[in-house]
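*Asks:* my questions concern the predicted model and sequence given below.
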Amino acid sequence: MGIGIIIGAAAGGTVLLLLLLLAGVYAFRQKRRAERASDQLNPFANWDLNSGSGGIPQLKGARCFSFEELKKYTNKFSEANSIGSGGYGKVYLGTLPIGQPIAIKRAQKESMQGGHEFKTEIELLSRVHHKNLVSLVGFCFDQGEQMLVYEFVPNGTLKDSLSGKSGIRLDWMRRLKVALGAARGLAYLHELANPPIIHRDIKSTNILLDERLVAKVADFGLSKPMSDDEKDHVTTQVKGTMGYLDPEYYMTQQLTEKSDVYSFGVVMLELITARMPIERGKYIVKVVQTAMDKTKVLYNLHEVLDPAIGLQTSLKGLEKFVDLAMSCVEEAGANRPAMGDVVKEIENIMQLAGLNPNAESSTTSASYEEVSKGNSGHPYSKEAFDYSRGRSQEFILGWAGISKNARSVVAVETGRVNTRRTNLSIKK
């Protein structure tokens with residue numbers, strides 16, 4: 001009788017222990033599942049911003065802001081503080097308690113990335129530090145919002161200055177300095193960042209000018225880091241802005257640093273002509289190629305050059321600048337120079353023009369897309385322009401597959417809009 005009780009008690013205890021063990025395992029697995037779900041909703045939950053150990057990324061000064069903080073700094077995101085807009089949302093001017101002005105890029109709901117993609121972009125931005133790149137101050141991932149906080153760059157975009165919108169007059173010397181600054185920022189991304197980064201959306205609206213007209217490359221929303229096993233190219237969906245988009249990348253889906261070089265070459269041509277890359281159905285590269293005559297003064301480009309550049313003055317080095325720009329927009333990426341070489345050549349041109357390339361930029365001026373597959377056709381072919389018959393917006397619609405009724409150009413995949421009608425773009 002006693003033995004039976006002992007055996008029964010032992011069996012019951014064993015069963016109880018097994019049940020407790022199973023319950024513990026179940027509870028542990030449920031907790032892990034809940035943590036994974038939480039991590040999907042908020043990838044920053046276990047991100048110790050003050051730690052530089054283990055797999056935690058070092059943010060090097062980037063700060064995590066709460067929604068309420070940024071709401072306060074922007075006067076409740078008032079329209080008076082709105083300084084720009086696009087398909088991604090709006091940009092607001094804010095002021096930190098220490099008096100530092102900041103630019104807050106607030107994504108609208110339909111253009112938000114996934115939490116992990118947003119985190120990846122922040123990690124990418126936090127690793128790049130150069131005087132010719134716009135600095136990341138911090139971010140907000142709170143109350144369903146995604147916001148990036150940048151240093152405020154007061155003199156707007158290069159596009160605004162070239163168009164006359166900003167009131168800043170850019171003569172030949174200032175344009176050379178702007179070109180050098182932007183080239184240095186891009187060369188840093190390609191050659192000194194770890195891993196190397198391809199910007200993928202270099203254009204005049206993504207080059208900002210500070211109070212001393214120092215150029216700063218901005219907007220890394222389409223940037224692509226190059227891993228060790230992608231040293232030659234990255235095969236990826238085509239994203240960028242038509243007019244600046246590398247035709248080789250457009251047709252092959254193979255992205256390289258030379259794709260940025262092509263875009264920069266277009267910016268160089270924009271710098272001397274103040275024309276949009278695609279204007280009235282004409283492509284700036286073709287316009288310059290057609291007008292060029294190397295046997296004549298200024299390569300016979302008087303009718304193409306922006307009068308504000310100072311045509312009545314001596315434009316020393318302009319021919320070499322044009323030669324460099326045309327080498328950057330060579331059809332084959334292999335024939336284009338690396339950005340480091342572009343920097344050196346612009347420095348040589350500046351010296352030829354009588355400028356010190358290592359001097360600070362001038363003080364205040366006197367007056368102050370995406371297609372999902374590769375494409376066999378060339379994006380800037382005569383056939384593409386014949387289709388438009390001089391109407392540049394329909395030209396964009398023709399090869400981007402975008403609604404003809406759109407007043408602004410809308411990206412195929414995510415509906416990102418560029419509200420500037422003069423800046424036709426396809427963006428993520």
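*Replies:* In hand now; what should we look at?

*Asks:* the protein: helices as residue ranges?
*Replies:* Listed in chain order, the helices found in the chain under DSSP state H are 2-41, 67-73, 115-126, 158-163, 172-191, 247-252, 257-273, 284-291, 318-328, 339-352, 382-388, 392-400.

*Asks:* please state the offset of stretch 259-273 from the chain centre?
*Replies:* Offset of stretch 259-273 from its chain centre (CA atoms, centre = their mean, to the nearest Å): 15 Å.

*Asks:* please identify the buried residues of it?
*Replies:* Applying a neighbour-count criterion of 16 or more other CB atoms under 10 Å, one finds 259-273 buried in stretch 259-273. In this view, the C-beta of every residue, glycine as well, is placed from N, C-alpha and C.

*Asks:* buried residues in stretch 93-109?
*Replies:* 93-94, 102-108.

*Asks:* which of the residues you listed sit farthest apart?
*Replies:* Within the buried residues of stretch 93-109, two members stand farthest from each other by CB to CB: 102 and 108, at 19.3 Å.

*Asks:* give me the below-cutoff pLDDT ranges for this structure.
*Replies:* Under the criterion of pLDDT under 70, the regions of the chain flagged as low confidence span 1-2, 34-61, 87, 114, 116, 228-233, 361-376, 382-428.

*Asks:* can you give me the domain assignment for it?
*Replies:* Residue ranges for the domains of the chain, per automatic domain parsing: 63-151, 158-418.

*Asks:* save the ones you listed as TSV, and put in distance to residue 28 too.
*Replies:* TSV is the format used below for those (distance: least, CB to CB, whole Å):
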stretch	distance to residue 28
domain 63-151	24
domain 158-418	35
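
*Asks:* gap between residue 275 and residue 204?
*Replies:* Going from residue 275 to residue 204 by CB to CB, to the nearest Å gives 10 Å.

*Asks:* give me the more crowded residue out of the two.
*Replies:* Taking other CB atoms under 10 Å, residue 275 and residue 204 do not tie; residue 204 has more neighbours (23 against 19).

*Asks:* make sure that one is actually in contact with residue 166.
*Replies:* No. Because the distance of 11.8 Å does not satisfy CB atoms under 8 Å, residue 204 is recorded as not touching residue 166.

*Asks:* any common contacting residues for these two?
*Replies:* Overlap of the contact sets of residue 204 and residue 166 (by CB atoms under 8 Å, 6 or more residues apart in numbering) consists of residue 157.

*Asks:* and residue 203, its phi and psi?
*Replies:* Comment: the main-chain dihedrals of residue 203 come out as phi -160, psi 170, following degrees, to the nearest 10.

*Asks:* output the buried residues of stretch 93-109 as a markdown table; include the columns distance to residue 186.
*Replies:* Written out in a markdown table, the entries for the buried residues of stretch 93-109 read as follows (distance: CB to CB, whole Å):
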| residue | distance to residue 186 |
| --- | --- |
| 93 | 26 |
| 94 | 28 |
| 102 | 24 |
| 103 | 21 |
| 104 | 25 |
| 105 | 21 |
| 106 | 27 |
| 107 | 25 |
| 108 | 29 |
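
*Asks:* which one of those residues is nearest residue 313?
*Replies:* residue 103 (34.9 Å).

*Asks:* measure the residue lying closest to residue 244 once chain neighbours are set aside to residue 6 for me?
*Replies:* Closest residue in space to residue 244, ignoring its immediate chain neighbours: residue 263 at 4.2 Å, by CB to CB, 6 or more residues apart in numbering. Remark: distance between residue 263 and residue 6 (CB to CB) = 83 Å.

*Asks:* against residue 158, how distant is residue 186?
*Replies:* Taking CB to CB as the criterion, residue 186 is separated from residue 158 by 13 Å.

*Asks:* residue 69: how many residues sit nearby?
*Replies:* The burial metric for residue 69, expressed as a neighbour count using other CB under 10 Å, is 18.

*Asks:* quick check: chain neighbours aside, which residue is closest to it?
*Replies:* Using CB to CB, 6+ apart and skipping the chain neighbours, the partner closest in space to residue 69 is residue 140 (7.8 Å).

*Asks:* kindly report the same for residue 274.
*Replies:* Computed as CB to CB, 6+ apart, the closest residue to residue 274 that is not its neighbour in sequence is residue 306, at 3.6 Å.

*Asks:* I'd say the one you found and residue 273 touch.
*Replies:* Yes. Contact status for residue 306 versus residue 273: in contact at 5.6 Å, counting by CB under 8 Å.

*Asks:* phi and psi next, for residue 246.
*Replies:* Note on residue 246: backbone dihedrals following degrees, to the nearest 10 are phi -60, psi 120.

*Asks:* I'd say it and residue 254 touch.
*Replies:* No. Checked against CB under 8 Å, the pair residue 246 and residue 254 is beyond contact range at 9.7 Å.

*Asks:* tell me who's in contact with residue 105.
*Replies:* The contact partners of residue 105, by CB under 8 Å, 6+ apart, come to 88-91, 147-150.

*Asks:* next: residue 152.
*Replies:* Residues touching residue 152, when contacts are defined by CB under 8 Å, 6+ apart, comprise 93, 100-103.

*Asks:* kindly recompute the last result at 10 Å.
*Replies:* Residue 152 makes contact with 83, 91, 93-95, 100-104, 134, 137, 208, 210 under the criterion CB atoms under 10 Å, 6 or more residues apart in numbering.
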